[in-house]
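# sequence first, then the predicted structure, then my questions.
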Amino acid sequence: MSQERIALFIDGANLYATAKSLGFDIDYKRLLKEFQSRGRLVRAFYYTALIEDQEYSSIRPLIDWLDYNGFSVVTKPTKEFVDSMGRRKVKGSMDIELAVDAMEMANHIDHMVLFSGDGDFRSLVAAVQRKGVRVSVVSTITTQPPMVADELRRQTDEFIDLLHLAAKVGRDANERAPTRERRPAGTDEMLDT
């Protein structure tokens, strides 16, 4: 096994949308195991914005599970605003938090794995590479349109199509009981106890 020090940076909303576009759910326990088998996993960050004032958030069980099972969960409340057309909008970008953490971790890792297709991360990838860190981006080009920005894919040292990881990090279809409400991947172990 490689002793390469790896850190995962997961843009939660982006990874969820990418997996959904490919027709599967992420099994976060299997995702951790996959990257632990590739080297020494130093940290696995998961970023997501949360809507406050909600009686129940569908992402809360996933956040709790991740928090108890080896992930460093970074959240912040979404901001509500009214656009120029008078429509209520919700905004919750975690890009700055992810970028700051990645720059802070760069001196402690050999390999950064970014789960996002957001082109805004191109300059972050370049900055981390200048510090001598190898960067992989996990997203997909198999959808129409692709979920990864072309400039991000060109900047990365290695592009990993999530479709090719599906067998290793996807949730088994038979794990989803038809009578239960659909929950975020990785939460069943916690909820069944």
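Received the coordinates, thanks.

# go ahead and confirm A19 touches Y28.
No - between A19 and Y28 there is no contact under C-beta atoms under 8 Å: 11.0 Å. No exception for glycine: its C-beta is placed from N, CA and C like everyone else's.

# who touches the helix or strand encompassing F9?
Assigned by DSSP states H and E, F9 falls within strand 5-11. By C-beta atoms under 8 Å, 6 or more residues apart in numbering, the residues outside strand 5-11 that reach it are 31, 35, 38-47, 71, 94-95, 98, 101-102, 105, 108-116, 118.

# how long is stretch 131-141 from one end to the other?
In stretch 131-141, first residue to last residue: 28 Å (C-alpha to C-alpha, to the nearest Å).

# wait, I meant stretch 143-157
Stretch 143-157 has an end-to-end distance of 21 Å (C-alpha to C-alpha).

# list the buried residues of it.
Within stretch 143-157, the residues that qualify as buried are 143, 146-149, 152-153, 155-156, counting by 16 or more other C-beta atoms under 10 Å.

# returning to what we had before: just the buried ones from the contacts of strand 5-11?
For the contacts of strand 5-11, buried by 16+ other C-beta under 10 Å: 31, 35, 39, 41, 43-47, 71, 94, 98, 101-102, 105, 109-116, 118.

# from these, which ones fall inside helices?
Mapping these onto helices (DSSP state H) picks out 31, 35, 98, 101-102, 105.

# Throw the residues you listed into TSV and include distance to L165, thanks.
Shown next, in TSV, are those (distance: C-beta to C-beta, whole Å):
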residue	distance to L165
L31	8
F35	10
L98	20
D101	22
A102	20
M105	22
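
# wait, which of these is closest to L62?
L62 lies nearest to L31 out of these, by C-beta to C-beta, at 12.4 Å.

# so where's this protein uncertain?
1, 53-56, 173-193 (pLDDT under 70).

# can you show me the helices along it?
12-22, 28-36, 60-68, 95-105, 122-130, 150-155, 162-169, 188-191.

# could you dump the fifth one to PDB, C-alpha only?
What follows is helix 122-130 as a C-alpha-only set of coordinates in PDB (Å, rounded to 0.1, in the frame of the first residue of the first chain):
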ATOM      1  CA  ARG A 122      -9.400  25.800 -11.100                       C
ATOM      2  CA  SER A 123      -7.300  28.500  -9.400                       C
ATOM      3  CA  LEU A 124      -7.300  26.600  -6.100                       C
ATOM      4  CA  VAL A 125      -6.100  23.400  -7.900                       C
ATOM      5  CA  ALA A 126      -3.300  25.400  -9.500                       C
ATOM      6  CA  ALA A 127      -2.300  27.000  -6.100                       C
ATOM      7  CA  VAL A 128      -2.200  23.600  -4.400                       C
ATOM      8  CA  GLN A 129      -0.200  22.100  -7.300                       C
ATOM      9  CA  ARG A 130       2.400  24.900  -6.900                       C
END
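
# kind regards, and thank you for your time.
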